[in-house]
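Please work out how this folds:
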Amino acid sequence: MTSTRALVRGIRPRQWSKNILVLAAPVAAGIAFQPRAVIETGVAVLAFILASSGVYLVNDTVDVEADRAHPTKRLRPVAAGELSAREASTAAVVLLAGGLAVSALLGWQLFVVVALYEAVQVLYCLGMQNVPVVELLSVASGFLLRAIAGGVATGVGLSPWFLVAVGFGSLFVAAGKRYSEKLLAEDATPAIRPVLARYTPSSLRLAWMLSAGILVTTYALWSATVGQAEPNPWTIVSILPVVVAVLRYARKVDAGDAGEPEEVILGDRVMLLLVTAWAACFIGAVYL
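All right, here's what the predicted structure looks like:
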């Protein structure tokens, strides 16, 4: 029973919220509520839940010694000794294989996307996490591949502006998190993340500021053309909550308060309000 509870904690259910990105393409295409699309996106989401859960266990197994020296990661099941490395590794293999098997139900295209996600994230755990810039791109790719999976699973064509906006939005979040960690690491005795020593605050600040600018610009271009020949006024209005949300997130980054993105958003009522306002504008424009 203890191992089961530890395993559930190890696969980090709170972080499954990232898989909502799988819904982005079918929602924007106006087909999200069609019965077939519901099934297809459900399969894609399940595949990424299994794949990401396996990756989390790989990460905890590889980084067990470093996690034990970390003020909060030492509470993770493997680092705390609640789950053995062997149990975690076995479960990781099963989950990673399960993600591939589920993705194959919808064809080879989704299988390739999930396989690429697993390969990049496992390589990240095995060493890429210590390579500056490459590790940022690795983290950002996890978000982008989720969005691509939604389009692949449902047969929705993906706009270049959509892909660029999601890609640089992902890089904004990843670089912002590293910048916040860098600020905290300056006052912390144990290193939060070894790769931080190879970054300067100014380089990380440039990365997240540049990414934020490209995100807002490409989102505006995408919103003007999404799903229609003529711009819909409500998709244009949706740019406003996106800009305000980016500015608020940037404020948290600059203050060193940008941790896990789902925690930043779910723990901030204003951010939740902005997300709701954006969803109302965008979904209303596409579906009403």
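
in the helix ranked longest in the chain, what's buried?
The longest helix of the chain (DSSP state H) is helix 35-62. Neighbour counts over helix 35-62 (16 or more other C-beta atoms under 10 Å) mark 37, 40-41, 43-62 as buried. Where you see a C-beta, it was placed from the backbone N, CA and C, and this is true even at glycine.

Restrict the following helix or strand past it to CA atoms and write it as CSV.
Downstream of helix 35-62, the next assigned helix or strand under DSSP states H and E is helix 64-68. The C-alpha trace of helix 64-68 is given here as CSV (Å, rounded to 0.1, in the frame of the first residue of the first chain):
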residue,chain,number,x,y,z
VAL,A,64,18.0,10.6,-6.7
GLU,A,65,21.3,11.7,-5.1
ALA,A,66,20.9,15.4,-6.2
ASP,A,67,17.3,15.4,-5.0
ARG,A,68,18.3,14.2,-1.6
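
Please pull up the helix or strand immediately following helix 64-68.
helix 85-104.

so where is the stretch 151-288 of the chain shaky, pLDDT-wise?
186-192, 227-231 (pLDDT under 70).

80 instead?
Across the stretch 151-288 of the chain, the ranges flagged by pLDDT under 80 are 184-193, 225-232, 258-260, 262, 266, 285, 287-288.

Now for Leu83: which residues touch it?
Ser3, Ala6, Leu7, Gly10, Pro77 (C-beta atoms under 8 Å, 6 or more residues apart in numbering).

could you flag which of the residues you listed are buried?
Neighbour counting by 16+ other C-beta under 10 Å classes Ala6, Leu7, Gly10, Pro77 among these as buried.

correct me, but the first one touches Ala79?
This means Ala6. No: with contact defined as C-beta atoms under 8 Å, Ala6 and Ala79 do not form a contacting pair (10.9 Å).

quick one on the thing from earlier: between the buried ones among the contacts of Leu83, which sits nearest Val94?
When those are ranked by distance to Val94 (C-beta to C-beta), Leu7 comes first, at 10.7 Å.

Thank you kindly, that will do.
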